[in-house]
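# what shape does this take:
(2 chains)
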Amino acid sequence: MTLLEFYRRHFDELLLLLRQHIGLVAISTAVAVLLGLPLGVLVARRPAWQKPILGMTNVVQTVPSLALFGLLIPVFGIGAWTAITALVLYALLPIVRNTYAGITGVDPAVREAGRGMGMTDGELLRLVELPLAAGVILAGVRVAVVVSVGVATIAAAIGAGGLGVYIFRGVATVDDTLILAGALPAALLALLADGLLALAERRLVWRPR
Amino acid sequence: MNVVLDVRGLRYELQGRALVDDVSFAVGAGETLVLLGRSGAGKTTTLRLINRLITPSAGDVRIAGDDLATQDDSRLRRRIGYVIQEIGLFPHFTVAENVGLVPRLERWSSTRAEQRIRELLALVGLDPVTFGPRYPHQLSGGQRQRVGVARALANDPPLLLLDEPFGALDPVTRLELQREFRALVARLRKTLVFVTHDAREALLLGTHIGLLESGRLAFLGTTNEFRASPLPQVRQFMDSAA
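Numbers count the residues shown, from 1 in each chain, chains lettered A, B, ... in the order given. Presented below is the predicted three-dimensional model:
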């Protein structure tokens, strides 16, 4: 059976898995940004927090993804929320690290001038540091999204659905067409997400023209 | 005399070492006190103590009678103009947005802010229509420095602190800006504390000179007193200006 034939027969299933996959990535990325951005700011502001927070996100990154999903089952059971938790943990490192790098990379003279002219800490962050760091932060988000699209295929192993369902089924039945049926749209999805974020970056981020 | 800035027994320690040690001076309305000294003498530290970017270990800074400690630090800084050598223009703001920063923080109406921005750019010799929409990286060093001065004047502060504002410019531009700046200050009757290591600049711009050496004031007096002083440290600087 060719890939096209397979898709024609299982079109509704493909759409469902694709939707699940995008849902896993979108929700986990949103949560990771909401958590990672403030954590990155905190780390940039309080050097004492740097080691524990960056260290922890680093350690999570070293846990093999299949093992991380498995380790979370006793805590959250099987299903989408466990998968989303694992994906959030993975996405945190690039977002926290890039937020930290972006903010600490702002020219000290610019920060000194801002403070010296009477910006409060919040104003400095909102008007100067985050806009100037936006490019680096968005680059971190891009990495997080592309990695998440790949890692989310493993969510199928703990019953969370997504395109990994085809891959695991294909591996179990030694069926190349099935493996491709999951892997190909996942790869295309990663490329598409990366392209869209690159576009957003060009629109949103300030750079000398 | 109407004292705008009164500094008494100012001291700042970092890791047990005094960077500023028992510094006292008063600056009257319309006067320019130049803090002169070599690198590391404590000039910049003294300026940053005045606007509370750092907290004194001891001593007292009073601005027009108010104790700094009783005011909100950032509100107070908006009432003090501040220009540093690197200028620190916000690269993602246009010239107009840079100049309009403090009005924006103070939530002025946009018509009032725009009016003020035009006024200030004209004041420092930049055409508002041409330069307002430009970004800092599109300006020359001298133009950037003019924007820095305009930005510091936005809230019409009675007191201006300047840290080697012309230090990074070529000699010709520097002299041009120094002369213009002197005329501008005289016209606006601002009170200034001006930091430099250049004795010639000190003599040109100062009404008073304080010579800092290892965090202490080795000399404090008018510019003429400075010229006539027999102190060896003063003579060294006078020789460098000759």
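# residue ranges of the helices in chain B, please?
Along chain B, the stretches classed as helices by DSSP state H are B:43-50, B:73-77, B:95-99, B:101-105, B:110-123, B:128-131, B:141-152, B:171-188, B:199-205, B:223-228, B:232-241.
# wait, which of these is closest to chain A?
Smallest distance to chain A across these (C-beta to the nearest C-beta): 3.6 Å, for helix B:73-77. All C-beta spots, glycine's among them, are computed from the backbone N, C-alpha and C.
# with just CA atoms, put the closest one into PDB.
Once non-C-alpha atoms are left out, helix B:73-77 reads as follows in PDB (Å, rounded to 0.1, in the frame of the first residue of the first chain):
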ATOM      1  CA  ASP B  73      14.200  57.300  43.600                       C
ATOM      2  CA  SER B  74      12.900  57.000  40.100                       C
ATOM      3  CA  ARG B  75      10.600  60.000  40.400                       C
ATOM      4  CA  LEU B  76      13.600  62.000  41.700                       C
ATOM      5  CA  ARG B  77      15.800  60.900  38.800                       C
END
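# quick check: phi and psi on the closest residue to chain A within chain B?
Per C-beta to the nearest C-beta, residue B:88 is where chain B lies closest to chain A, at 2.8 Å. Dihedral angles of residue B:88 (phi, psi; degrees, to the nearest 10) stand at phi 60, psi 40.
# leaving out sequence neighbours, find the closest residue to it.
Spatial nearest neighbour of residue B:88, excluding adjacent residues (C-beta to C-beta, 6 or more residues apart in numbering or on different chains): residue A:113 at 2.8 Å.
# list the contacts for the one you found?
B:82, B:84, B:86-90, B:148 (C-beta atoms under 8 Å, 6 or more residues apart in numbering or on different chains).
# so how far is residue A:172 from it?
62 Å (C-beta to C-beta, to the nearest Å).
# give me the most central residue, the chain.
Going with chain A. residue A:144 (2.9 Å; C-alpha atoms, centre = their mean).
# my question was about chain B, not that one.
residue B:162 (1.7 Å).
# next, count neighbours for residue 192.
Just so you know, I chose chain A. 12 (other C-beta atoms under 10 Å in any protein chain shown).
# oops, chain B please
So residue B:192, with other C-beta under 10 Å, has 22 neighbours.
# can you check residue B:32 too?
Residue B:32 - counted by other C-beta under 10 Å - has 22 other residues nearby.
# do I have it right that it meets residue B:207?
Yes - here residue B:32 reaches residue B:207: they are 5.0 Å apart, a contact under C-beta atoms under 8 Å.
# which sections of the chain are below the confidence cut-off?
Picked chain A for this. Within chain A, the segments meeting pLDDT under 70 span A:208-209.
# chain B, not that one
Checking chain B against pLDDT under 70 turns up B:1, B:65-71.
# chain A contacts on that one?
B:48, B:51, B:53, B:74-79, B:82, B:84, B:86-92, B:101-102, B:105, B:135, B:137, B:148, B:151-152, B:161 (C-beta under 8 Å from any C-beta of the partner chain).
# please, a ChimeraX command that selects the buried ones among those?
Applying 16 or more other C-beta atoms under 10 Å in any protein chain shown to those, the buried members can be selected in ChimeraX as follows:
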select /B:48,51,53,74,76,77,78,79,82,84,86,87,88,89,90,91,92,101,102,105,135,148,151,152,161
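# need the three-state assignment for residue A:94.
State at residue A:94, reduced to three classes by DSSP: H, G, I helix; E, B strand; the rest coil: helix.
# identify the residues contacting it.
A:140-141, A:143-144, A:147.
# could I get the strand or helix carrying residue A:69 in PDB with only the CA atoms?
In this assignment (DSSP states H and E), residue A:69 forms part of helix A:65-76. What follows is helix A:65-76, C-alpha atoms only, in PDB (Å, rounded to 0.1, in the frame of the first residue of the first chain):
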ATOM      1  CA  SER A  65      12.300  11.800  26.200                       C
ATOM      2  CA  LEU A  66      10.700   8.400  26.300                       C
ATOM      3  CA  ALA A  67      11.900   8.000  29.900                       C
ATOM      4  CA  LEU A  68      10.600  11.400  30.900                       C
ATOM      5  CA  PHE A  69       7.100  10.600  29.500                       C
ATOM      6  CA  GLY A  70       7.300   7.200  31.400                       C
ATOM      7  CA  LEU A  71       8.500   8.800  34.600                       C
ATOM      8  CA  LEU A  72       5.500  11.200  34.700                       C
ATOM      9  CA  ILE A  73       2.900   8.500  34.300                       C
ATOM     10  CA  PRO A  74       2.900   7.600  38.100                       C
ATOM     11  CA  VAL A  75       2.400  11.300  38.800                       C
ATOM     12  CA  PHE A  76      -0.200  12.300  36.200                       C
END
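# which residues sit against that helix?
A:60, A:63, A:82-83, A:85-86, A:89-90, A:151, A:154-155, A:157-158.
# determine which two of the residues you listed are furthest apart.
Greatest spacing in those, by C-beta to C-beta: A:60 and A:157 (18.1 Å).
# closest one of the contacts of residue A:94 to residue B:239?
Distances from residue B:239 to the contacts of residue A:94, taken by C-beta to C-beta, are shortest for residue A:140, at 55.6 Å.
# against residue A:204, how distant is that closest one?
14 Å.
# repeat that for residue B:174.
Taking C-beta to C-beta, one finds residue B:174 at 39 Å from residue A:204.
# tell me which of the two has more neighbours.
Taking other C-beta under 10 Å, residue B:174 and residue A:204 do not tie; residue B:174 has more neighbours (19 against 11).
# contacting residues for the more buried one?
So residue B:174 contacts residue B:166 (C-beta under 8 Å, 6+ apart).
# ok, now residue B:2?
Residue B:2 neighbours (C-beta under 8 Å, 6+ apart): B:28-29.
# can you list the residues of chain A near chain B?
A:107, A:109-120, A:123, A:127-128, A:131-132, A:206, A:208-209.
# repeat the analysis, applying 7 Å as the threshold.
Residues of chain A found near chain B (C-beta under 7 Å from any C-beta of the partner chain) are A:109-110, A:112-113, A:115-120, A:123, A:128, A:131-132, A:206, A:208.
# just those residues: which are in helices?
Using DSSP H, the residues of chain A next to chain B in helices are A:109-110, A:112-113, A:115-116, A:123, A:131-132.
# just the buried residues from those residues, in ChimeraX please.
In ChimeraX syntax, the buried subset of those is picked out as below (16+ other C-beta under 10 Å):
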select /A:110,112,113,115,116,123,131,132
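# out of the ones in helices among the residues of chain A next to chain B, who's nearest residue A:100?
residue A:132 (13.7 Å).
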